[in-house]
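Trainee: sequence first, then the predicted structure, then my questions.
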2 protein chains.
Amino acid sequence: MDILLLSNGKISGNNYVMEFASEAIVEQIQRTKAKNLVLIPYAVIRSSHDDRVALVQQTFDHLGLDCKVTGLHRSEDPVKTIQEADGILVSGGNTWVLNKTLHDLGLVGPIRKAVLDKGIPYIGWSAGTNIGCPTIRTTNDMPIITGAILPSLNLVPFQINPHYLEASVEGHFGETRDERIQEFLEINKHEPVVGIPEGTWLHILDGKLSYHTANEKSLKLFSYGKDPVYYSAEDDVQFLMEHSC
Amino acid sequence: MDILLLSNGKISGNNYVMEFASEAIVEQIQRTKAKNLVLIPYAVIRSSHDDRVALVQQTFDHLGLDCKVTGLHRSEDPVKTIQEADGILVSGGNTWVLNKTLHDLGLVGPIRKAVLDKGIPYIGWSAGTNIGCPTIRTTNDMPIITGAILPSLNLVPFQINPHYLEASVEGHFGETRDERIQEFLEINKHEPVVGIPEGTWLHILDGKLSYHTANEKSLKLFSYGKDPVYYSAEDDVQFLMEHSC
């Protein structure tokens, strides 16, 4: 397996989607020799899926990679398209819509098979990272659809909170992100949550987990009954892969 | 019906829960002559339900109202307790846990009957306001439980976003609240969303809707394909009650 789970799409100063993780993406594509990349755009709600495909194609062109990005929404047989893909990209947007669409189209099994058994590369950002978890219970997104499905791809055995941030708006009394995650732990005492700030990502290469950051920001691990612990890109976080949900 | 739906529990400077809406609460309790108030505390995750009951009792004592607040979690027959209550209070916390517990305990019908048919007063804040809507699809809360239920009490025929705010953390690339609500509208084109900032509330008295604020902040109405519209406490918002979901 060769999985990149990015906190988000862009940070300040980026012109291209995933630009802050350029080096990791180039290495992954060269390692896996992927050419035919399928973008899953279902999380994108307020702009066209075709436009998102074009934006992501720009990223790969800019990186000088000989990859063709096609949108899964244009496929007449999405399962077959996943089975034939060299790589899977999953755009951010609304996690609820994305996850439900994967289930509605019968794509959960085929994607897991492609990524975990065949080892084709996976790159997700934001919502595309949320669905890499066992469930989408640590999404920041509003549940804008009536039929909510929580179990997801389970590519990693722990919950991730993407776009993780400690700051909140001054004077606002709504729960902070930390409070929301602590509420999650109160209900799910045996499921640690990994907060990854914008501009950071996780890489899972053949079962080995590593943390990376474009801006020195740390991963923050929340476990029930313990103070949160920060990890930098130099720290060993492999123990997270041994957690079973 | 005599329903108060508060954006949140406290604003800066408040010592008591719901203090910013004191006058409205005193008027409601005097109008309905309610004495036996039942607090639904299921949204409270990280402190005890008994403590929340005690805090809310303090509010009524401070207001000089001769009301006894009891927690529904202490009842051996929650449906009967709702049927015998003079008033229903619903605390903030996690909307997902609250809504699922109401369904699990068979309380949705009995609460609707008590509030809409018998006309006993209802006061909800934050999560307690979210469940007053047709569904909880416009909550800000993290879906921390595995079994998600979205339909809710449907006391008003439109969706409310409590703790509504326009500000966001500088440099953060996650969706703003407005973007999240616009995504909701993209999927649900015929369901306007009413954003109510902290320190504000809606009152529904015998079918008549009014908006109130302790801090001059406006209600913000989001409708598909239109620019959002602000309404102050002086404006007529009754048209929102004519919307059917």
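Mentor: That came in fine, so what should we check first? Quick caveat: nothing in here was measured; it's all calculated off a predicted structure. Numbers count the residues shown, from 1 in each chain, chains lettered A, B, ... in the order given.
Trainee: start and end of stretch A:71-84, how far apart?
Mentor: Taking Cα to Cα, to the nearest Å, the first and last residues of stretch A:71-84 lie 13 Å apart.
Trainee: mean confidence score for the longest helix along chain A?
Mentor: Taking DSSP state H as the criterion, chain A has its longest helix at helix A:49-62. Mean per-residue pLDDT for helix A:49-62: 98.
Trainee: and it, what does it pack onto?
Mentor: For helix A:49-62, the elements it packs on are strand A:36-40, strand A:68-71, judged by 3 or more Cβ pairs under 8 Å, 6 or more residues apart in numbering or on different chains; DSSP states H and E. To be clear about C-beta, it is placed using only N, CA and C from the backbone, and glycine gets the same treatment.
Trainee: and the contacts of the shortest one?
Mentor: Surrounding strand A:68-71, the residues in contact under the criterion Cβ atoms under 8 Å, 6 or more residues apart in numbering or on different chains are A:35-39, A:41, A:49-50, A:52-53, A:56-57, A:60, A:81, A:89.
Trainee: tell me which stretches of chain A form helices.
Mentor: For chain A, the helices defined by DSSP H occupy A:22-32, A:49-62, A:78-84, A:95-104, A:108-112, A:127-130, A:177-187.
Trainee: can you add distance to A:Glu198 and mean neighbour count and give the ones you listed back as JSON lines?
Mentor: Shown next, in JSON lines, are the helices of chain A (distance: least, Cβ to Cβ, whole Å; neighbours: other Cβ atoms under 10 Å in any protein chain shown):
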{"stretch": "helix A:22-32", "distance to A:Glu198": "15", "mean neighbour count": "16"}
{"stretch": "helix A:49-62", "distance to A:Glu198": "17", "mean neighbour count": "18"}
{"stretch": "helix A:78-84", "distance to A:Glu198": "28", "mean neighbour count": "16"}
{"stretch": "helix A:95-104", "distance to A:Glu198": "16", "mean neighbour count": "22"}
{"stretch": "helix A:108-112", "distance to A:Glu198": "25", "mean neighbour count": "17"}
{"stretch": "helix A:127-130", "distance to A:Glu198": "11", "mean neighbour count": "29"}
{"stretch": "helix A:177-187", "distance to A:Glu198": "12", "mean neighbour count": "19"}
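Trainee: quick one, the longest helix of chain A and strand A:36-40 angle?
Mentor: 140 degrees (axes from the mean of the first three to the mean of the last three Cα atoms, to 10 degrees).
Trainee: apart from its chain neighbours, what residue comes closest to the residue of chain A most remote from its centre?
Mentor: Most distant residue from the mean C-alpha position of chain A: A:Gly171, 31.1 Å away (Cα atoms, centre = their mean). Spatially, and ignoring its direct neighbours in sequence, A:Gly171 is nearest to B:Ser12 (6.0 Å; Cβ to Cβ, 6 or more residues apart in numbering or on different chains).
Trainee: residues of stretch A:37-51 that come out buried?
Mentor: A:37-45, A:49 (16 or more other Cβ atoms under 10 Å in any protein chain shown).
Trainee: pretty sure A:Ile149 contacts A:Thr101?
Mentor: No. If you go by Cβ atoms under 8 Å, A:Ile149 and A:Thr101 don't touch, sitting 9.6 Å apart.
Trainee: what does stretch A:167-187 rub up against?
Mentor: Here stretch A:167-187 has contacts from A:137-138, A:140, A:159, A:161, A:164-166, A:191-193, A:195, A:222-224, A:228, B:8-12, B:45-46, B:93-94, B:97, B:126, B:140-142, B:144-145, B:163, B:165, B:167-169, B:172, B:198, using Cβ under 8 Å, 6+ apart.
Trainee: low-confidence ranges, chain A, go.
Mentor: Residues of chain A meeting the criterion pLDDT under 70: A:243-245.
Trainee: go ahead and flag the most central residue of it.
Mentor: Closest to where the C-alpha atoms of chain A average out (Cα atoms, centre = their mean) is A:Thr129, at 1.4 Å.
Trainee: and it, what does it touch?
Mentor: Applying Cβ under 8 Å, 6+ apart, the residues near A:Thr129 are A:5-7, A:160, A:162, A:196, A:202.
Trainee: what does A:Ser126 give?
Mentor: A:6-9, A:43, A:91-93, A:95, A:162-163, B:174.
Trainee: kindly provide the distance from the closest residue to A:Gln159 other than its chain neighbours to B:Pro192.
Mentor: Excluding the flanking residues, the one nearest A:Gln159 by Cβ to Cβ, 6+ apart is A:Thr138, at 4.4 Å. Remark: distance between A:Thr138 and B:Pro192 (Cβ to Cβ, to the nearest Å) = 29 Å.
Trainee: also A:Glu183?
Mentor: Taken as Cβ to Cβ, the span from A:Glu183 to B:Pro192 is 29 Å.
Trainee: ditto for A:Asp178
Mentor: From A:Asp178 over to B:Pro192 the distance is 32 Å, taken as Cβ to Cβ.
Trainee: now swap in A:Val53 and tell me
Mentor: Taking Cβ to Cβ as the criterion, A:Val53 is separated from B:Pro192 by 32 Å.
Trainee: swap in A:Phe158?
Mentor: Separation of A:Phe158 from B:Pro192 (Cβ to Cβ): 38 Å.
Trainee: swap in A:Leu5?
Mentor: Taken as Cβ to Cβ, the span from A:Leu5 to B:Pro192 is 36 Å.
Trainee: neighbour-wise, which of those two wins?
Mentor: Neighbour comparison, A:Leu5 and B:Pro192: the larger count goes to A:Leu5, with 28 against 22 (by other Cβ atoms under 10 Å in any protein chain shown).
Trainee: quick one: neighbours of the residue lying closest to A:Gln238 once chain neighbours are set aside, just the number.
Mentor: Distance criterion Cβ to Cβ, 6+ apart; nearest residue to A:Gln238, sequence neighbours excluded, is A:Leu209 at 5.4 Å. As a burial measure, A:Leu209 scores 21 neighbours (other Cβ under 10 Å).
Trainee: please apply the same query to A:Gly71.
Mentor: By other Cβ under 10 Å, neighbour count at A:Gly71 equals 24.
Trainee: ok, now A:Ala167?
Mentor: With other Cβ under 10 Å as criterion, A:Ala167 counts 12.
Trainee: separation between it and A:Glu183?
Mentor: From A:Ala167 to A:Glu183 the distance is 19 Å (Cβ to Cβ).
Trainee: before we move on, what about A:Leu240?
Mentor: On the measure of Cβ to Cβ, A:Leu240 and A:Glu183 end up 21 Å apart.
Trainee: pretty sure A:Leu65 sits against A:Glu27.
Mentor: No. Under the criterion of Cβ under 8 Å, A:Leu65 makes no contact with A:Glu27, lying 10.8 Å away.
Trainee: ok so, going back, tell me which of the contacts of strand A:68-71 is nearest to chain B?
Mentor: For the contacts of strand A:68-71, the closest approach to chain B (Cβ to the nearest Cβ) belongs to A:His49, at 12.8 Å.
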